[in-house]
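1. I would like to see how this sequence folds:
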Amino acid sequence: MRKLFWRIFANGLGQIGRDGMLAILVPAPFLAASALRLLLPLADGFISSRWGFSLRPWLGLADALVISLAPLMAAMISAFLLLDEADSGTSAYYQITPAHGPIYLLARLGLPMVWAFAATVAVGSILSLTRPAWPVLLAAAGQSTVQGAAIAMLIVALAGNKVEGLALSKLAGVFLLGIPWAWFAPLNYAWVGWMLPSYWLTNWLRVGLTGPTLLAGWGVALAWAVILARIGLRRLERQKT
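-> Numbering: from 1, shown residues only. Next up, the predicted model:
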């Protein structure tokens, strides 16, 4: 089973290498973080000198986006691979092997999310603009990774094929609406963003980490991931018939 597990993962890497759209998603978080790290301080200096307005109070918004990017890109890659294999019938083959169900999902989703977590920690520690404390960065990276897994399973659960998956991946950006909501929403309406993991992630970066907000943020992310994983697994199981 272990050999089959790694073979599934290796096959996925091969598919990414052959698909230009998927391949560009791998370095995308690093490129985006580097661009923001370079351009936002320059923009802040220019705007401050010209109009006396500083962007510094809002740099945390960029960091929240950067921390969300690697898991989002990994989610899109995993979802497209799952849908591509569903279209070709490859996943139906795996469903009748020992690597069925959760094992197949772990190879297709779990390992990419491990990479996403490591990439998020690297990007957040090297290229962030606000230098969040390590406990905040690790909590945010882990929670963002769980959110990425939820987004991947949302695409798999709702898309009938890869083309639909591409359209749904754009709608998955709804999960990131918690970032501006945590920053700009009036306090009376903050509760609207509570259902989005990115709201809590941004809140940690903005005001710091506390026990209740840590539990709430992780609880919301895990709830989304578990619910959508069960729906996605049912869809994969139906491919046996």
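2. Over to residue 53. Which of the three states is it?
-> Of the three states, residue 53 takes coil according to DSSP: H, G, I helix; E, B strand; the rest coil.
3. just residue 149 next, same as before
-> Once three-state DSSP is applied, residue 149 turns out helix.
4. heads up, I number from 368, so please use that
-> Done: numbering now begins at 368, and the last item shifts to residue 516.
5. Tell me how many other residues surround it.
-> 27 (other Cβ atoms under 10 Å). All C-beta atoms are positioned from the backbone trio N, CA, C, and that covers glycine.
6. hang on, it packs against residue 592?
-> Yes. At 4.9 Å, residue 516 counts as touching residue 592 under the criterion of Cβ atoms under 8 Å.
7. Low-confidence ranges, this protein, go.
-> Within the chain, the ranges that satisfy pLDDT under 70 run 368-369, 371-373, 375, 454-469, 603-608.
8. residue ranges of the helices in it, please?
-> Remark: helices assigned in the chain by DSSP state H are 369-385, 387-392, 395-418, 426-455, 457-461, 469-472, 478-493, 501-525, 529-538, 545-551, 564-574, 578-605.
9. Grab the nearest non-local neighbour of residue 513.
-> Nearest residue to residue 513 in three dimensions, chain neighbours excluded: residue 588, at 4.1 Å (Cβ to Cβ, 6 or more residues apart in numbering).
10. OK, contacts around residue 505?
-> Listed by Cβ atoms under 8 Å, 6 or more residues apart in numbering, the contact set of residue 505 reads residue 488.
11. could you measure it against residue 491, distance?
-> With the distance defined as Cβ to Cβ, to the nearest Å, residue 505 ends up 9 Å from residue 491.
12. now do residue 551
-> From residue 551 to residue 491 the distance is 22 Å (Cβ to Cβ).
13. Which of these two has more residues huddled nearby?
-> Between residue 551 and residue 491, counted using other Cβ under 10 Å, the more crowded position is residue 491 (25 against 9).
14. can you pull the contacts of the closest residue in space to the more buried one that isn't next to it in sequence?
-> Among residues not flanking residue 491 along the chain, residue 504 sits closest, at 4.8 Å (Cβ to Cβ, 6+ apart). Shown in contact with residue 504 (Cβ under 8 Å, 6+ apart): 434, 488, 491, 492, 495.
15. next one: residue 412
-> Contacts of residue 412 by Cβ under 8 Å, 6+ apart: none found.
16. change it to 10 Å
-> 421, 422 (Cβ atoms under 10 Å, 6 or more residues apart in numbering).
17. Also residue 426?
-> Here residue 426 is in contact with 403, 407, 408, 411, 495, 496, 497, 572 (Cβ under 10 Å, 6+ apart).
18. Does the fourth one touch residue 422 like I think?
-> Same thing as residue 411. Yes. In this structure, residue 411 is within contact of residue 422 by Cβ atoms under 10 Å, at 4.2 Å.
19. Identify the contacts common to those two.
-> Common neighbours of residue 411 and residue 422 (Cβ under 10 Å, 6+ apart) are residue 496.
20. Much appreciated, bye for now.
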